[in-house]
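Engineer: Using only what follows, build the 3D model:
(chains A, B and C)
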Amino acid sequence: MQRFGSRLTGALGIALALAIWQGLVDGGLLSPFAAPPPSTIVASVPSLIVEEGVLAACLQTFGETFAAVALAAVAGIPLGWWLHHSRRAALAYESWVAAIAAAPLVLLYPLFLVMFGRSAGTIVAMGTVAALPPIALKTKEGLDGTRRALLDVGRSLRLTPRQQFIKIMLPAAAPVIGNGLRLGLIFALINVVGIEFLINFGGLGALIATLGERFELPTMFAAIGCVVLISVGFFVLTERLERWLRRG
Amino acid sequence: MVAPRLTRRLTPALALQIATLLCLWALWEGAAQSGLVWRGAVPSSVAVLRALGAMLASRAFYRDLGVTLGEVAAAVAIGGASGLVAGLVLGINRFLGRAFEPYLHYLAPTPKIVFLPVIMLLVGVGAGSKVALGALSGFFPMALSVAVGVREVNPVLLRVGRSFNLGPAQMLGKIYLPALTPTIIVGLRLSLGLALVGCLLAELNLSNAGLGFLAMQAYNQLDIPTTYAVLLVIFALAALANAVLGRLAHRSPAGRVRR
Amino acid sequence: MIRKLMVPAMVWAALCGMASTHAQTLRVAVGQKGNWDTSIMDYGIRQGFFKQQGIDIDEIYTPGGAPTLQAVISGSVDIGIGTGLLGTVGAYVKGAPVRVIAAETTGAPDLFWYARPESGIHSLKEAGGKTIGFSEPGSSTNLVLLALLRHAGVSNAKPVPTGGIPATLTQVMSGQIDVGWSAAPANLQAVQQGKLVIVAHGNDAPEITGETVRVNVANVNALKSKRQAMEKWASAYLKSLDWAYSDPKSIDYFAEGMHVPRALAQQARDRFYPKQALEPFKIGSEQLVLQQAYEFKFIPHPMTPTDVAGMYDILGNPTGN
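Structural biologist: Next up, the predicted model:
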């Protein structure tokens, strides 16, 4: 009941924010050319689907982001474990990994173009590099934060290091690793959409750029809404994954 | 004693960093000289270093550097502080957390650059628009990190605080914030990253100063060595800021590594 | 003698002070900093033409296109330099508060397409089945390329959006596309060195020669509240344009801004930027512009020049037209 109440509160809060936005535009306090009112955005959805091919664009962006986050997880979780396990590696590389998160990778896209060509490979590669730091850092944070009492229990039960990791550390770190995957998703999706925007290789990024050039603002914001929908899809996926990690 | 042990550990780590840099340099130079990739996209490190030297010797560079540093510092301060507050509220109050945290996750990946027209309307086209976009970008990783971190605070600490009848402000100051220090620092690191990218993207779109503006000018004039030189400076600054944050994390009581 | 000069000097200083305290500031967004056509105002600022009119310029740079237009429409800047006419028509038709105050570039003399010598492509007639770059859908490079292909009688080439000049060059030199686009003076040095060959010029297609592709625009509210200042701005802009084509110092500024040798800057200006292409008072081939705007979905239905006559508010025309 409380869960339903909180979800209803959240939905009402968003509805209120949208109503305020609509009111500001209708009242002339906000220019529709800076932020089109929600009513026009919703009205543009049919043309977005029928005339602008948004479904194919969504599939492409979703696929590229999924590939990027998956590759980043495959590389990032072991990297995070290594930074947790080796103090020397942590001292040497932790700040570098964090610095990659701060690097404007978007500006490196000509380099990636040369390596991977004008293809989805460039987009996925840049998304992977962007998603790697938060996944690795959060994995390290999660493993570092395993409570000593739990580790002592494992030692007293004479668990091997591998068993200790799988049965105690990983489930204990699961929420933080899950958070890392969600943050990695954010970084990946921002970069994927950004690079699609820059190299005009299809996907929601290219669609948003084209609609912006044509000054179709309501349809452009509707396309941005699709980015949000993809994020919803991934959020649900990562929640399921986190629950699975906890059970393990 | 912590300091001598830390000093002894630093030297092998530093050696590792230097060895890694040398390997990366060898890879880069090998690619540049091999002829397998176009030199325009992968210039020799000598050309990049020359461009870096020329840039560091120019007065205009320091003006651009100061502009971007100021924008990013303000963006991290505003985005980080507001993210911290939002994260604490959503983490401590489970009802509000269940109500609104999912929306933060959904909105976080939206390309913030689309809000630039609204931002321009509110704060104009100057540094304020870059700070605002950077703050908006940096808000989400901090808020989400802290919201999750609050839920991972050791329940024993919370029970101790309640058993001492600590008020909300005291719980926050004496229990939550010290326990959350590593989480806040990780959040700050991620926030710094997105705030920096947000400020740079805003500079690319509408500016007349800053490192992003400098990089785009060099890039548009096909001066790729200077573009890489600017990126090196940005990367070095980000690494330095993160190293400082990392040291802070090690020094915090909750951040000491358990063995 | 000195005392005789003091009074006039003091009066002059007072007048200068008055001029500066009464100078009006205009905020201007400039697309693609450093290009010849978008730098005319910058040259005029350096020569003091705008100060003479009592105008201070607060300048900001954009990558061109939609960001410039958006800055004007949002009212964050008063004037936008060098934005696409198709995009402007699209915004105007949707009710955006924007007006065209001058033509900025007519025809496409600045554009050219190139290939690597080893590709064997020396003209667009040989580009059948090949990939050819343009910047982005609906851009002037897109329109010009389609016109060039029609003119060359090539129906099976593959136009590909490749983004800006640097990204396009990367893709050509990496062999990912066959023909790339550029705007002078970018890549001219490589052409001179034999690393690239020009396969087509923008104005090779006759229909493009008379078409206005880029314009200067202003925000409607700024036009109302700062009209006098904008008229003075337009006057100073015209003076800057005349100066740029008569004083060799302009080539020094151009070379300095684009970081190219002076000789190359001179060649680029003379070959690729004829003065008549930058004539500000005539909007060319309006019907063709509207046809392309409909074809590329900038406008929802076909329109005639009469339908968009209200979009134009040309400033500073000495003949009053």
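
Engineer: can we go C-alpha only for contacts and neighbour counts from here?
Structural biologist: Will do.

Engineer: and B:L65, how many neighbours?
Structural biologist: Neighbourhood size, B:L65 [other CA atoms under 10 Å in any protein chain shown]: 19.

Engineer: try C:L86
Structural biologist: 29.

Engineer: And for C:R227?
Structural biologist: 14.

Engineer: what about it, distance to chain B?
Structural biologist: 21 Å (CA to the nearest CA, to the nearest Å).

Engineer: What segments of the chain are helices?
Structural biologist: Just so you know, I chose chain A. Under the criterion DSSP state H, helices of chain A are mapped to A:2-26, A:38-43, A:45-50, A:54-85, A:87-102, A:109-116, A:120-144, A:148-156, A:161-163, A:170-199, A:203-213, A:217-247.

Engineer: um, chain C though
Structural biologist: Along chain C, counting by DSSP H, helices occupy C:2-21, C:40-47, C:49-52, C:66-73, C:85-93, C:140-152, C:165-173, C:188-192, C:206-209, C:220-225, C:227-244, C:249-258, C:262-272, C:286-295.

Engineer: Might you enumerate the residues of chain C proximal to chain B?
Structural biologist: Residues of chain C lying close to chain B by CA under 8 Å from any CA of the partner chain are C:29, C:33, C:59-63, C:67, C:70-71, C:74-77, C:164-166, C:170, C:173-174, C:186, C:258-259.

Engineer: ok so, going back, pick the most deeply packed of the helices of chain C.
Structural biologist: helix C:66-73 (a mean of 27; mean count of other CA atoms under 10 Å in any protein chain shown).

Engineer: Pull the contacting residues for the closest residue to C:E104 other than its chain neighbours.
Structural biologist: Nearest residue to C:E104 in three dimensions, chain neighbours excluded: C:V215, at 4.4 Å (CA to CA, 6 or more residues apart in numbering or on different chains). C:V215 makes contact with C:I81, C:G82, C:T83, C:G84, C:L85, C:V100, C:I101, C:A102, C:A103, C:E104, C:T105 under the criterion CA atoms under 8 Å, 6 or more residues apart in numbering or on different chains.

Engineer: how does it look with 10 Å?
Structural biologist: C:80-86, C:88, C:99-106, C:278, C:280, C:283 (CA atoms under 10 Å, 6 or more residues apart in numbering or on different chains).

Engineer: before we move on, which element is B:A143 in?
Structural biologist: helix B:127-151 (DSSP states H and E).

Engineer: For the next helix or strand after that helix, name the packing helices and strands.
Structural biologist: Remark: after helix B:127-151, the chain's next helix or strand is helix B:155-163, criterion DSSP H and E. Secondary-structure packing of helix B:155-163 (3 or more CA pairs under 10 Å, 6 or more residues apart in numbering or on different chains; DSSP states H and E): helix B:168-170.

Engineer: what's the helix it packs on packed up against?
Structural biologist: Judged by 3+ CA pairs under 10 Å, 6+ apart, helix B:168-170 is in contact with helix B:155-163.

Engineer: For the helix or strand harbouring B:A47, enumerate the helices and strands it packs against.
Structural biologist: Applying DSSP H and E as the criterion places B:A47 in helix B:45-56. With contacts defined as 3+ CA pairs under 10 Å, 6+ apart, helix B:45-56 has these neighbours: helix B:2-34, helix B:59-92, helix B:224-251.

Engineer: Export those as TSV, with columns for mean pLDDT and distance to chain A.
Structural biologist: Below are the helices and strands packed on helix B:45-56 laid out as TSV (pLDDT from 0 to 100; distance: least, CA to the nearest CA, whole Å):
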stretch	mean pLDDT	distance to chain A
helix B:2-34	79	5
helix B:59-92	95	11
helix B:224-251	83	5
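
Engineer: ok, residues contacting the helix or strand bottoming out on mean pLDDT in chain A?
Structural biologist: When the helices and strands of chain A are scored by mean pLDDT, DSSP states H and E, helix A:109-116 comes last with a mean of 80. Helix A:109-116 has contacts (CA under 10 Å, 6+ apart) with A:105-106, A:117-119, A:121-126, A:195, A:198-199, B:37-38, B:40-42, B:224, C:166-171, C:173-176.

Engineer: angle of that helix against helix B:224-251?
Structural biologist: Per axes from the mean of the first three to the mean of the last three CA atoms, to 10 degrees, the angle that helix A:109-116 makes with helix B:224-251 is 100 degrees.

Engineer: Kindly format the C-alpha coordinates of helix A:109-116 as CSV.
Structural biologist: In CSV, the C-alpha atoms belonging to helix A:109-116 read as follows (Å, rounded to 0.1, in the frame of the first residue of the first chain):
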residue,chain,number,x,y,z
TYR,A,109,35.5,11.1,-31.8
PRO,A,110,37.7,11.7,-34.9
LEU,A,111,40.2,9.3,-33.3
PHE,A,112,37.5,6.7,-32.8
LEU,A,113,36.3,7.3,-36.4
VAL,A,114,39.7,6.4,-37.7
MET,A,115,39.8,3.2,-35.5
PHE,A,116,36.3,2.0,-36.0
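
Engineer: orientation of it relative to helix A:170-199 in degrees?
Structural biologist: 100 degrees.

Engineer: Quick one: distance of helix A:109-116 to the chain centre.
Structural biologist: Remark: helix A:109-116 is offset 22 Å from the chain centroid, using CA atoms, centre = their mean, to the nearest Å.

Engineer: just the angle between that helix and helix A:120-144, please?
Structural biologist: For helix A:109-116 against helix A:120-144, the angle by the same axes, to 10 degrees is 110 degrees.

Engineer: who's the spatially closest residue to C:N142 that is not a sequence neighbour bridged to?
Structural biologist: Take C:N142 and drop its neighbours on the chain: the residue closest to it by CA to CA, 6+ apart is C:F134, 5.3 Å away. For C:F134, the beta-bridge partners under DSSP bridges are C:P161.

Engineer: list the contacts for C:F134?
Structural biologist: C:113, C:140-146, C:159-165, C:168, C:179-182.

Engineer: What of C:A186?
Structural biologist: Contacts of C:A186 by CA under 10 Å, 6+ apart are B:220-222, C:35, C:111, C:165-166, C:169, C:258, C:260, C:264-265, C:268.
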